[in-house]
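Chemist: next comes the sequence, and after it the predicted model I'd like to discuss.
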Amino acid sequence: MRMSRRNPRVYLVGAGPGDPELLTVRAVRVLEQAEIIVYDRLVSPAILDLVPESAERIFAGKASRKHFMPQDTINEVLVKQALTGRRVVRLKGGDPFIFGRGSEEALHLASHGIAFEIVPGITASMGCAAYAGIPLTHRGLAKGVHFVTGHMAENGDLDLDWVRLADPDTTLVIYMGLMKIDRICQNLIGAGLAADTPAAAIENGTMPTQRVVASTLDGLPERVAEAGLSAPTLFVVGAVAGLSETLGWHSVSILDESATGD
């Protein structure tokens, strides 16, 4: 693969949920030829090891309520670095176009006449659920999937269609919901979803430190608190979450009511 130095181009690359073995072949090839890499907090060290030592590294990491680099600044950094003529890679956890703001960055590049390429990554919902033994769809249990974020800009209210999300025939995947999991569960139950609906929380999905907390919708906040889960944690709500204890194949710690002796 050859990248032109005369024509500015930025590669928006999805790093997947964490396990470097889940990178696409295209992602690996782009990383191996990067000269500048702008990367997020959730990109694992094992993935960064694929980048040449000579490459300039720019940390743009974000955490809940802590933005090391605001999005507007990231956008400008990408433009500035692209204009140097070097191979610029914007490396993002998961997939750039699923709660990754990759589309915002691509639009900004396009507005400045800078070419870009999107390299998809395995999104957290797919990778983490698979490693936890949770199929997002399953005949007789889930006919579809909803992806939502539990984090609102500037810590605003969760403006979600709770009635639509409280569908027993659909799997609900919640990104960035750790800080508001109490309210999320209450709203879903208030909208009509059964309190005993299976639910799971997946911390550090696909990584050796992965932990899975299996519970019911009404018991999930307490179980998460007892386990002391921290970000990144993904939530899966729906009948399929009940398959985790049978299908969970990765080295995980399953915590549920029977495990705590209740």
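Modeler: Structure's in. What do you need?
Chemist: my read: Val173 touches Phe147, true?
Modeler: Yes. Between Val173 and Phe147 there is a contact under Cβ atoms under 8 Å: 5.1 Å. (C-beta placed from N, C-alpha, C; glycine too.)
Chemist: the more surrounded of those two?
Modeler: Comparing Val173 with Phe147 by other Cβ atoms under 10 Å, the one with more neighbours is Val173, at 25 against 15.
Chemist: now the more buried one. Nearest residue, chain neighbours left out?
Modeler: Nearest residue to Val173, sequence neighbours excluded (Cβ to Cβ, 6 or more residues apart in numbering): Ser125, at 4.3 Å.
Chemist: can you count the residues close to Tyr39?
Modeler: Tyr39, neighbours per other Cβ under 10 Å, totals 22.
Chemist: what mean pLDDT does the top helix by length along the chain get?
Modeler: In the chain, taking DSSP state H as the definition, the longest helix is helix 71-82. Mean pLDDT, helix 71-82: 96.
Chemist: then it to CSV, C-alphas only?
Modeler: Presented in CSV, the C-alpha positions along helix 71-82 are these (Å, rounded to 0.1, in the frame of the first residue of the first chain):
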residue,chain,number,x,y,z
GLN,A,71,-13.5,17.6,19.6
ASP,A,72,-13.1,20.9,17.8
THR,A,73,-9.4,20.8,18.6
ILE,A,74,-9.1,17.2,17.4
ASN,A,75,-10.7,18.3,14.1
GLU,A,76,-8.2,21.1,13.6
VAL,A,77,-5.2,18.8,14.6
LEU,A,78,-6.2,16.4,11.8
VAL,A,79,-6.3,19.1,9.2
LYS,A,80,-3.1,20.7,10.4
GLN,A,81,-1.2,17.3,10.4
ALA,A,82,-2.7,16.2,7.0
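Chemist: so how far is it off the chain centroid?
Modeler: Distance of helix 71-82 from the chain centroid (Cα atoms, centre = their mean, to the nearest Å) equals 22 Å.
Chemist: swap in stretch 76-86?
Modeler: 26 Å.
Chemist: in that stretch, what's buried?
Modeler: Neighbour-count burial for stretch 76-86 flags 77-79, 81-82 (criterion: 16 or more other Cβ atoms under 10 Å).
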